[in-house]
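[1] sequence and predicted structure, then a few things I'm wondering about:
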Amino acid sequence: MVTLSLTGESTLYPRVCELIGLTKSRGMSTFLVTNGSTPQVLGSMDPLPTQLYVSSPEAERDTYVQLARPALPNAWERFDETIDLLPSLSTRKALRLTMLRGRNMSDPKAYSRLVAKGSQTSSR
């Protein structure tokens with residue numbers, strides 16, 4: 001297994017699809033970790049990784065911005081677009097939720113909605 005999880009965003013590597021294809025051609029599985037800031041890259045990936053993890057520190061915009069401190073002004077909207085895209089990606093997927101006591105554990109229903117949104121049935 002090859003894990004693509006960098007300091008920063010893994011999908012910003014310009015040859016990520018080439019790397020995934022190369023590892024798959026050698027019989028290896030690929031595991032990509034993303035913060036969801038590049039939905040356009042995820043939507044056009046070919047091939048897709050064997051497993052895709054989308055990390056999130058929060059399920060609501062204001063706390064997401066406060067905790068993630070994203071460099072992009074529209075990071076929440078990009079993340080939300082990635083969640084909408086997940087059901088269409090035919091690979092194993094997971095939402096990785098980072099829970100911080102006293103910071104982002106106050107609205108379990110928001111997390112439930114986020115997971116449900118990313119779990120709708122579809123295929124690409």
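    Everything's here; your move. Small disclaimer: the values here were computed from a predicted structure and weren't measured. Numbering: from 1, shown residues only.
[2] and for stretch 98-112, what's in contact with it?
    Ser55, Ser56, Pro57, Glu58, Ala59, Glu60, Thr63, Leu67, Leu97 (CB atoms under 8 Å, 6 or more residues apart in numbering). From N, CA and C alone the C-beta is placed, and that goes for glycine too.
[3] show me these that map onto helices.
    Thr63, Leu67 (DSSP state H).
[4] from the contacts of stretch 98-112, which land in strands?
    Ser55, Ser56, Leu97 (DSSP state E).
[5] who wins on neighbours among these?
    Ser56 (21 neighbours; other CB atoms under 10 Å).
[6] ok, and the closest non-adjacent residue to that one?
    With CB to CB, 6 or more residues apart in numbering as the criterion, Ser56 has its nearest non-adjacent residue at 5.9 Å, and that residue is Leu97.
[7] tell me how far the one you found lies from Met1.
    Using CB to CB, to the nearest Å, Leu97 is found at 22 Å from Met1.
[8] same thing with Leu85?
    Distance, Leu85 to Met1, using CB to CB: 24 Å.
[9] again with Pro39
    Taking CB to CB as the measure, Pro39 falls 25 Å from Met1.
[10] more neighbours: which of those two?
    Comparing Pro39 with Met1 by other CB under 10 Å, the one with more neighbours is Pro39, at 20 against 9.
[11] from Leu22, how far off is that one?
    In terms of CB to CB, Pro39 sits 24 Å off from Leu22.
[12] ditto for Gln40
    Distance, Gln40 to Leu22, by CB to CB: 22 Å.
[13] likewise Arg113?
    Per CB to CB, Arg113 is found 38 Å from Leu22.
[14] could you check the pLDDT of the residue lying closest to Arg92 once chain neighbours are set aside?
    Of all residues not flanking Arg92 in the chain, Gln51 sits nearest, at 4.6 Å (CB to CB, 6+ apart). Note on Gln51: pLDDT of 96.
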